[in-house]
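S.K.: Sequence first, predicted coordinates after that:
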Amino acid sequence: MIVSPCISICKTDPVSGLCYGCGRSDEEKKIWKDPETTDDWKNNNLKEIENRLSGWQLESFKMSYKNKIEKGISLYKQKQSK
């Protein structure tokens, strides 16, 4: 199973239409939730996300997504639970 790239920072940029946290469009979020979506599509989308993010936003996404994969919780949610 490939973990969703949502890192719990769900705010959409009004200009680009992309989420500030995970860098996905609303359409990509819908595709992730579709049980018919293939792992190949998800892996390709993760690469696309990393290519469209940059600087601190990319580093924050990578760290939080890694934490979510390893510990089952995004860094944002982890900090909120303390």
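M.R.: Structure received. Residues are numbered from 1 along each chain as shown.

S.K.: now for the helix ranked longest in the chain, which elements pack on it?
M.R.: Determined from DSSP state H, the single longest helix within the chain is helix 55-71. Counting contacts by 3 or more C-beta pairs under 8 Å, 6 or more residues apart in numbering; DSSP states H and E, helix 55-71 packs against helix 39-52, helix 75-80. For glycine as for every other residue, the C-beta is placed from the backbone atoms N, C-alpha and C.

S.K.: starting at the chain centroid, how far to the first one?
M.R.: Read it as helix 39-52. 10 Å (C-alpha atoms, centre = their mean, to the nearest Å).

S.K.: Just the buried residues of that helix, please?
M.R.: Lys42, Asn45, Leu46, Ile49 (16 or more other C-beta atoms under 10 Å).

S.K.: on that earlier part again, between the longest helix of the chain and helix 39-52, how many degrees?
M.R.: 150 degrees (axes from the mean of the first three to the mean of the last three C-alpha atoms, to 10 degrees).

S.K.: one step back: can you lay out the helices and strands packed on helix 55-71 as a markdown table showing mean pLDDT and distance to Ser60?
M.R.: Shown next, in a markdown table, are those (pLDDT from 0 to 100; distance: least, C-beta to C-beta, whole Å):
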| stretch | mean pLDDT | distance to Ser60 |
| --- | --- | --- |
| helix 39-52 | 98 | 12 |
| helix 75-80 | 89 | 8 |
